[in-house]
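Colleague: Here is my input; please provide its structure:
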Amino acid sequence: MDADLVPLNPTEQTYSALQTAYDYFNAVLFTNQLPPCLITLQRKEKRTYGYFWATRFGQVDGSGHTDEIALNPQRFTTASIEAVLSTLAHEMCHLWQHHFGQPSRAAYHNKQWAAQMKLIGLQPSHTGQPGGKEVGQRMTHYIVTDGLFAKACAALLAEDFKLAWGEVIDRVTDDETTTGNDKNRTNRLKYTCLGCGANAWGKPALALICGKCETAFELAL
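Modeller: Next comes the predicted model:
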């Protein structure tokens, strides 16, 4: 078989597609301002679509750091490709703000971030619907019809872009939804302080503040 015709393996297919999307949106939506980052797949908390974590990774030899954009691969099979790619663009707005703007406290979505989202054609909304709050600790968005992102995404998909692999939801075992093997703890969620990395577990919708660094805890993936 011609080497040029050898199909990519699942790892290459997944990450080459995500890198292609990142580079494309960086060029079209951010005029190539954004530096490279490390895109990862994280799915421990199914209600979290993605997140941005500044300087999360360092080179093994200590020579540099890079940011992380994480995406939940469960959504690759349960949501539209436009929705998944809009989450990537959402997190790219956080990356833009980290490097060129003024982020608020950890994981808080402020007015500057909201303005950047609207600039690229994504409307911030805490409900994901029109009329939702534009700023807050936990935020989502919806795609603006005929906005910049919608047009850019349509053009990318017209080039036969696709995400080839996603998590098969019914293959997730019971043990993966619990802490250890204790089935009585399935309603407890993990919270992480994005300042110092401390962890806590509790009921949904808790508002926790780290006593060490006075940073809000965020639902962890």
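Colleague: Once you drop chain neighbours, what's closest to residue 147?
Modeller: Using CB to CB, 6 or more residues apart in numbering and skipping the chain neighbours, the partner closest in space to residue 147 is residue 121 (2.8 Å). Any C-beta I mention is one placed from the backbone N, CA and C, and that applies to glycine too.
Colleague: Next, that neighbour: phi, psi?
Modeller: Backbone torsions of residue 121, given as degrees, to the nearest 10, read phi 100, psi 20.
Colleague: Please shift the residue numbers so they start at 43 in all later answers.
Modeller: I'll keep to 43 as the first residue from here, and by that count the last item is residue 163.
Colleague: okay, now it: neighbour count?
Modeller: The local packing of residue 163 (other CB atoms under 10 Å) involves 21 other residues.
Colleague: ditto for the one 10 residues further on
Modeller: For residue 173, the count of nearby residues is 7 (other CB under 10 Å).
Colleague: residue ranges of the strands in this protein, please?
Modeller: For the chain, applying DSSP state E gives strands covering 80-83, 92-100, 107-113, 164-167, 182-185, 231-235, 241-244, 259-261.
Colleague: Of all these, which one is nearest residue 176?
Modeller: Among the strands of the chain, the nearest to residue 176 by CB to CB is strand 164-167 (4.4 Å).
Colleague: Name every strand pairing with that closest one and say which way it goes.
Modeller: strand 182-185 (antiparallel) (DSSP bridges).
Colleague: hey, C-alpha coordinates of the partner strand in CSV?
Modeller: Taking Å, rounded to 0.1, in the frame of the first residue of the first chain, the C-alpha atoms of strand 182-185 are listed here in CSV:
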residue,chain,number,x,y,z
THR,A,182,-22.4,28.4,28.2
HIS,A,183,-23.5,30.0,24.9
TYR,A,184,-25.4,29.6,21.7
ILE,A,185,-24.3,30.2,18.2
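Colleague: quick one: the residue nearest to residue 189 from residue 95, how far?
Modeller: Residue 163 sits at a distance of 24 Å from residue 95 (criterion: CB to CB, to the nearest Å).
Colleague: Could you double-check that residue 178 sits in contact with residue 168?
Modeller: Yes - in this structure, residue 178 is within contact of residue 168 by CB atoms under 8 Å, at 5.2 Å.
Colleague: Overlap of the contact sets of those two?
Modeller: Counting by CB atoms under 8 Å, 6 or more residues apart in numbering, residue 178 and residue 168 have no common neighbour.
Colleague: Between the two, point out the one with more neighbours.
Modeller: Higher neighbour count among residue 178 and residue 168: residue 168, with 17 against 14, using other CB under 10 Å.
Colleague: shaky segments in this structure?
Modeller: Counting by pLDDT under 70, the ranges of the chain that qualify are 43-48, 86-88, 212-230, 232, 235-238, 245-249, 251-263.
Colleague: quick one, domains of it?
Modeller: For the chain, automatic domain parsing gives the domain ranges 45-214, 216-263.
Colleague: Next up, the contacts around residue 107.
Modeller: 97, 99-101.
Colleague: redo that, cut-off 10 Å
Modeller: 80, 96-101 (CB atoms under 10 Å, 6 or more residues apart in numbering).
Colleague: One more: residue 134?
Modeller: So residue 134 contacts 63-64, 67-68, 71-72, 75-76, 79, 94, 111, 158-159, 162 (CB under 10 Å, 6+ apart).
Colleague: Fine by me, thanks again.
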